[in-house]
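Asks: Fold the stuff below for me.
(one chain, ligands or ions: 1)
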Amino acid sequence: MKYALVTGGSRGIGRAVSCKLAEMGYFILINYQSNDAEAEKTLQLVQEKGSNGEIMKFDVTDPAAIALALNNWASQHPDEYIEVLINNAGIRKDNLMLWMTGEEWSKVLDISLNGFFNVTQPLLKNMLVKRYGRIVNIVSLSGIQGMPGQANYSAAKAGVIGAAKALAAELASRSITVNVIAPGLIDTAMASAEDRERILPYIPMRRLGSPDEVAAVAAFLLSDDAAYVTRAVIPVSGGLIG
Ligand code: NDP
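Replies: Residues are numbered from 1 along each chain as shown. As a prediction, the model looks like this:
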């Protein structure tokens, strides 16, 4: 059995990625923070794809909770390891920098950027020992372009891009790839009605992307066809460049 951990797997893009990876035969470890019912729904969808999974609830900002969950899993699977990690958990707390609170700044960075470190770091040793791993990070066009009202979110996502590129270079010789997907506006709960109205005219394809369209790119990055793709940042944005 091949194991994949998807952070923020309960809803939206994480759910679509979980289902796509289930189709590819992975056993899915579905992480989330609080929404038990939605996580159960993702697990059910994964099972309907003919694979299986389990719920792995922890807050990506809490290293002790992550260690507990991963150590529990490892003790139950002594001969196996998590070979795929999708760092997808993220939130927005938009505000103009002038009015941004320290809490709005820190929370967004803590989940996206510290979450990337907190979850990735404990999985590296086994990937290195096995000389195989796939790490895909879901960022945002905001991390490439910088978006007004999103200094916190742009910083968090840009930070993940930099860290992922550095990590990719560290791991490349061991057949471990690290790549980044930068979605534009995707049809999930995160895309507010106001976003949809304001941004749609600037999207050359004149539509939002679907979570499945992001998941398809993640699936490619896990495939053998992508064995030579690492340190890449791939926009999935219908032509929107920021
Ligand atoms: P959703 O709001 O639909 O889902 C967010 C997911 O992240 C949920 O599963 C949520 O869990 C989980 N999550 C939030 N905080 C934590 C935490 N501290 N620990 C663990 N899990 C957490 O978002 P999307 O699916 O739209 O977004 C997924 C990723 O894609 C994010 O990183 C986002 O920044 C990025 N993105 C999204 C775009 C869009 O237009 N939708 C555009 C560009 C990037 P729970 O259900 O328990 O709350």
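Asks: now the longest helix along the chain, how far from the centre of its chain.
Replies: Under DSSP state H, the helix in the chain containing the largest number of residues is helix 151-171. A distance of 12 Å separates the centroid of the chain from that of helix 151-171, by C-alpha atoms, centre = their mean, to the nearest Å.
Asks: And the ligand, is it touching that?
Replies: No: under the criterion of C-beta under 6 Å from any ligand atom, the ligand is not reached by helix 151-171; the shortest gap measures 7.0 Å. C-beta here means a position set from N, CA and C on the backbone, and glycine is covered the same way.
Asks: Would you mind listing what in the chain touches the ligand?
Replies: Proximity of the chain to the ligand, by C-beta under 6 Å from any ligand atom, involves residues 7-8, 10-14, 31-35, 38, 59-61, 88-91, 111, 138, 140, 183, 185-186, 188-191.
Asks: For stretch 53-72, buried residues please.
Replies: Judged by neighbour count using 16 or more other C-beta atoms under 10 Å, the buried positions of stretch 53-72 are Gly53, Ile55, Met56, Phe58, Asp59, Val60, Thr61, Asp62, Pro63, Ile66, Ala69, Leu70.
Asks: Make JSON lines out of those residues and add pLDDT.
Replies: As requested, the buried residues of stretch 53-72 are arranged in JSON lines below (pLDDT from 0 to 100):
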{"residue": "Gly53", "pLDDT": "98"}
{"residue": "Ile55", "pLDDT": "98"}
{"residue": "Met56", "pLDDT": "98"}
{"residue": "Phe58", "pLDDT": "98"}
{"residue": "Asp59", "pLDDT": "98"}
{"residue": "Val60", "pLDDT": "99"}
{"residue": "Thr61", "pLDDT": "98"}
{"residue": "Asp62", "pLDDT": "98"}
{"residue": "Pro63", "pLDDT": "98"}
{"residue": "Ile66", "pLDDT": "98"}
{"residue": "Ala69", "pLDDT": "98"}
{"residue": "Leu70", "pLDDT": "98"}
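Asks: Out of those, which sit inside helices?
Replies: Counting by DSSP H, the buried residues of stretch 53-72 place Pro63, Ile66, Ala69, Leu70 in helices.
Asks: any idea how far the residue located most distally from the centre of the chain lies from Pro148?
Replies: The C-alpha centroid of the chain is most remote from Leu98, which lies 29.1 Å away (C-alpha atoms, centre = their mean). Between Leu98 and Pro148 the computed distance is 11 Å (C-beta to C-beta, to the nearest Å).
Asks: Likewise for Leu85?
Replies: As for Leu85, its distance to Pro148 is 31 Å (criterion: C-beta to C-beta).
Asks: In terms of neighbours, single out the busier of the two.
Replies: Set side by side, Leu85 and Pro148 show more neighbours around Leu85, with 25 against 10, by other C-beta atoms under 10 Å.
Asks: Contacts only, for that one.
Replies: With contact taken as C-beta atoms under 8 Å, 6 or more residues apart in numbering, Leu85 is in contact with Ala4, Leu5, Thr7, Val119, Thr120, Leu123, Gly133, Arg134, Ile135, Val136.
Asks: Same question for Met205.
Replies: For Met205, the contact set (C-beta under 8 Å, 6+ apart) comprises Gly238, Gly239.
Asks: Quick check: which ranges of this structure have low pLDDT?
Replies: Low-confidence regions of the chain, defined here as pLDDT under 70, cover residues 242.
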